[in-house]
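**Student:** Provided below are the primary sequence and the corresponding predicted coordinates.
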Amino acid sequence: MQTIRVGFVGAGDNTRVRHIPGFRAQPGVELVGVVNRRAESSERIARELNIPKVYTTWQALVADPAIDAVCIGTWPNLHAEVTIAALAAGKHVLCEARMARNLAEAQAMHAASQSAPGLVAQIVPSPFGLVHHSFVKRLIDDGFLGELREVVVVGADNQFWDESKPFHWRQDADISGFNVLTLGILHETVCRYIPATTRVFAQSATFEPVRPAATGDAKHRVTVPESLQALTQIEGGARGVYHFSGMILHGPGKQIHLYGRKGTIKFVFGAEEQVFTGRMGEKELTRIELPLDARGGWRVEEEFIRAIRGEEPVQFTDFGSGVRYMEFTEAIARSLESALPVALPLA
């Protein structure tokens, strides 16, 4: 079995909790080295997670011939630069979502991956819907919904309601880009089940425009909306409603509703993923209880390694799919800027 040697650029929560254990669980995978934003952080993570080598810069890690694949766990503002450099250096790439800050960066990443067809380029997928994905896809393919009529996508909670809490990088457009709250990750999820979006019309609000810094008396201006609503049109004639907020108490959380002429499918994402279905003549929605052997789940690192070995293609999420959800978030941003509807695909 080919040994695949992995290096980590950025070791945030998702990298430590998911990616590093996920790679360690794969046979024939060696964790070679890590680099974080600060030297002391890199040293600490290497020591805590038993990773043998610490690099002083991400450029040094990417250039190291001892590394076959790079896992990028930085903030989105570095995703394009590191990805393009890693592909140019002949490394396979697993890049944390969000794919990039904007569509131009995502397209540049995709172009770099197409110029290196022998390398695997994968975006860490939305985890939402993975448990029931095969079941729901089969339901839809078998005609359970019938003609799709309406789609509702909700991500509304109190994440940023407390204005006394420190400014978060997700509130900084220079770091996080055009993606608002969980817009991109939930749109990526719903795209697995619906045709392409052809038009968006959005509005937004920021209720607490200034937040305290994590240390000291400095203040930061919030440059990413705290509340977003969008109306969409979908290929085939269906309509969509998107509601995102980090500023409401006792909100609905994260949900996706698919309404067809014949039936309804409803995802609810909380402590556990739940799916409810209903058809004409039934008094209420029924929760689906899948047996353990029928459930999907998180297998991102396994999928990445198997793709490198040629054992399976990337299903969740290749760069082409990433560009499509980035195009949607860009269209939302353009609609917010112009106060006008925006057609998709973008010119």
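**Tutor:** That came through, no problem.

**Student:** element containing the residue in the chain sticking out farthest from the centre?
**Tutor:** What lies farthest from the middle of the chain is Gly281; by C-alpha atoms, centre = their mean that is 36.9 Å. Using DSSP states H and E, Gly281 is not contained in any helix or strand.

**Student:** low-scoring stretches of the stretch 151-300 of the chain, by residue?
**Tutor:** Filtered on pLDDT under 70, the stretch 151-300 of the chain yields no residues whatsoever.

**Student:** any idea how far the residue farthest from the centre of the chain is from Asp142?
**Tutor:** Per C-beta to C-beta, to the nearest Å, Gly281 is found 18 Å from Asp142. C-beta coordinates here come from the backbone N, C-alpha and C atoms, glycine included.

**Student:** Going along the chain, name the strands of the stretch 101-250 of the chain.
**Tutor:** Remark: strands assigned in the stretch 101-250 of the chain by DSSP state E, counting those that start in this stretch are 121-123, 148-156, 197-205, 210-212, 219-221, 227-234, 239-245.

**Student:** Please identify which of these is closest to Leu258.
**Tutor:** strand 148-156 (6.0 Å; C-beta to C-beta).

**Student:** State the distance from the closest residue to Ile185 other than its chain neighbours to Arg199.
**Tutor:** The spatially closest residue to Ile185, leaving aside those adjacent along the chain, is Ser126, at 4.4 Å (C-beta to C-beta, 6 or more residues apart in numbering). Taking C-beta to C-beta as the measure, Ser126 falls 23 Å from Arg199.

**Student:** which of these two has more neighbours?
**Tutor:** Ser126 (22 against 16; other C-beta atoms under 10 Å).

**Student:** That one reaches Gly322, doesn't it?
**Tutor:** No. Judged on C-beta atoms under 8 Å, Ser126 makes no contact with Gly322 at a distance of 10.6 Å.

**Student:** overlap in contacts of the two?
**Tutor:** 97, 188 (C-beta atoms under 8 Å, 6 or more residues apart in numbering).

**Student:** give the contact list for the residue lying closest to Asn77 once chain neighbours are set aside.
**Tutor:** Once flanking residues are discounted, Asn77 sits nearest to Ile175: 4.8 Å by C-beta to C-beta, 6+ apart. Applying C-beta under 8 Å, 6+ apart, we find Ile175 in contact with 75-77, 101, 169.

**Student:** Please identify which helix or strand holds Arg324.
**Tutor:** Assigned by DSSP H and E, Arg324 falls in helix 319-338.

**Student:** ugh, wrong one, I meant Glu48
**Tutor:** Using DSSP H and E, Glu48 falls in helix 39-49.

**Student:** Report the buried residues of that helix.
**Tutor:** 42, 45-46, 49 (16 or more other C-beta atoms under 10 Å).

**Student:** got the contact list for the following helix or strand past that helix?
**Tutor:** Using DSSP H and E, the next helix or strand after helix 39-49 towards the C-terminus is strand 53-54. Strand 53-54 is contacted by residues 32-35, 39, 42-43, 46 when judged by C-beta under 8 Å, 6+ apart.

**Student:** can you give me the helices in the stretch 1-150 of the chain?
**Tutor:** 13-14, 20-24, 39-49, 58-63, 79-88, 103-114, 133-141 (DSSP state H, counting those that start in this stretch).

**Student:** Just give me the neighbour total for Leu228.
**Tutor:** So Leu228, with other C-beta under 10 Å, has 22 neighbours.

**Student:** do you know how far it is from Ala205?
**Tutor:** 8 Å.

**Student:** Can I get the helices of the stretch 1-150 of the chain in TSV including distance to Arg306 and mean pLDDT?
**Tutor:** Below are the helices of the stretch 1-150 of the chain laid out as TSV (distance: least, C-beta to C-beta, whole Å; pLDDT from 0 to 100):
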stretch	distance to Arg306	mean pLDDT
helix 13-14	20	88
helix 20-24	12	96
helix 39-49	23	91
helix 58-63	23	97
helix 79-88	19	98
helix 103-114	18	98
helix 133-141	17	97
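
**Student:** Which one, of those helices, ends up nearest to Met247?
**Tutor:** Here helix 13-14 is closest among the helices of the stretch 1-150 of the chain (C-beta to C-beta), at 22.9 Å.

**Student:** For Gly12, give me the pLDDT.
**Tutor:** Looking at Gly12, its pLDDT is 84.

**Student:** Tell me the spacing between it and Ser41.
**Tutor:** 10 Å.

**Student:** Comparing the strands of the stretch 101-250 of the chain, which comes out most buried?
**Tutor:** Most buried of these, by mean neighbour count (mean count of other C-beta atoms under 10 Å): strand 121-123, with a mean of 28.

**Student:** From Val224, how far out is the nearest residue to Arg211 once chain neighbours are set aside?
**Tutor:** In space, and not counting its chain neighbours, Arg211 is closest to Phe167: 3.9 Å by C-beta to C-beta, 6+ apart. For Phe167, the distance to Val224 equals 11 Å [C-beta to C-beta].
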